[in-house]
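1. 3D, please:
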Amino acid sequence: MKLNTRNKLILLITIVLITAILIAGCFKKSLGLKEGVIATVNGSEISEEEYEKLLDFYLSELRGSYSLTDDALNKDMGTGTTLLDSLKSEVLDTIIMERIIAKEAAANNIEVDEAELQKLYEENHLKLMEENEDYKKLIKENKIDENLIKEQMGKSLLGHKYKTFYLDKIKISDETAETFYNENKERFHLEEIKARHILVGEEQLAKDIIQKLEEGEDFVELAKEHSIEPGAQQSGGDLGYFSRDVNFVPEFKEAAFALEVGQISEPVKTEHGYHVITVEDKVEENIKFEDAKEGIKHSLKETDFQNHISEMFENADIIKRDKL
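-> Numbering: from 1, shown residues only. From the prediction side, this is the model:
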């Protein structure tokens, strides 16, 4: 698969997917935080400077890749919070997660060698700067700190090495995998749809778009013109293939899976606004155990790792500022 410029930058600054954590209710109030400190993790301080630097980094990437304006970032998403509010929280949680994993990695003598990080940096970022003008333009126009790119690559690489270390210790037998398969057969009935949607803030606008679609106007072009979803101008509202267990709001999933291929929905109201949905393809099949076995083992290992990360968060002494 050919990566576009946006995906190349995301690849560089994350390298691996470190498990995302929802840490509801396990933080102490910000009493006792020193001036200039935004949080502490097991007594280790996270400064406002470090936090703001990483926040600016991700904001630069979002503005460059999605052409997001300040108005879009500060618009209420219908939940009482804005995209900027969510990003601020996620950035701080990312730093907290990095600190916790770094401490655990050090306890197990896991570290990132400077030579391997430099090689990774050269083969990815520097090579792209030389060969890809769009990527180079994105970095320069948004004044993205190249040293911070390398620093974040190092943290992600450390997270990857720790995760590999932990997963290598877990052994899942064929019998355990088969028991899981037999107890969860519904999970191995594959039902996926390929869909697009247009998200707008007003029901009447959604109805007007439906009328235009019925008159033969192009769904992709209407999505690019009207959808308030970040990235819609590039994706044309494309959601790709997804199953019923995807993390979409229930109203949206119910409406999408009720559609036939080529059918256009009525306006679907969710917490995000009003959606106009169309389904482009449907896939349905039963997966045999032998075909699913390795995937089950991998999934059980991933679940074990996620539980391990969650436990580390629960046991950590974390204090966060109330308002970011």
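2. mean confidence score for the one helix or strand S86 maps to?
-> When elements are defined using DSSP states H and E, S86 is found to belong to helix 83-107. Here helix 83-107 scores 91 as its mean pLDDT.
3. what's it in contact with?
-> The contact list for helix 83-107 (C-beta atoms under 8 Å, 6 or more residues apart in numbering) reads 18, 21, 23, 38-39, 41-42, 44, 46, 50-51, 54-55, 58-59, 62, 68, 72-75, 77, 111, 155, 158-159, 161-162, 165, 230, 309, 312-313, 316, 318, 320, 324. Where you see a C-beta, it was placed from the backbone N, CA and C, and this is true even at glycine.
4. Break down this protein into its helices, ranges please.
-> 5-14, 48-66, 70-73, 83-107, 114-121, 127-131, 133-141, 146-169, 174-183, 203-214, 219-226, 232-235, 250-258, 289-315 (DSSP state H).
5. per-stretch mean pLDDT over the ones you listed, give me the minimum one.
-> The minimum mean pLDDT among the helices of the chain belongs to helix 5-14 (a mean of 45).
6. can you tell me which strand in this structure is longest?
-> Counting residues, the longest strand in the chain under DSSP state E turns out to be strand 273-286.
7. contacting residues around that strand?
-> 78, 188-203, 205-206, 209-210, 213, 219, 228, 241, 252, 255-256, 259-265, 267-269.
8. ok, back up a step: could the helices of the chain go into CSV alongside distance to H275 and mean neighbour count?
-> Putting these into CSV (distance: least, C-beta to C-beta, whole Å; neighbours: other C-beta atoms under 10 Å) gives the following:
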stretch, distance to H275, mean neighbour count
helix 5-14, 23, 18
helix 48-66, 19, 17
helix 70-73, 18, 13
helix 83-107, 18, 18
helix 114-121, 40, 13
helix 127-131, 35, 13
helix 133-141, 30, 15
helix 146-169, 33, 17
helix 174-183, 34, 14
helix 203-214, 7, 15
helix 219-226, 11, 17
helix 232-235, 12, 16
helix 250-258, 6, 16
helix 289-315, 30, 15
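9. Next, format those as TSV and append distance to I277.
-> What follows is these, written out as TSV (distance: least, C-beta to C-beta, whole Å):
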stretch	distance to I277
helix 5-14	24
helix 48-66	21
helix 70-73	22
helix 83-107	22
helix 114-121	40
helix 127-131	36
helix 133-141	31
helix 146-169	35
helix 174-183	32
helix 203-214	10
helix 219-226	10
helix 232-235	13
helix 250-258	5
helix 289-315	29
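10. got the phi/psi numbers for E202?
-> Geometry field for E202 lists phi and psi as phi -130, psi 140, criterion degrees, to the nearest 10.
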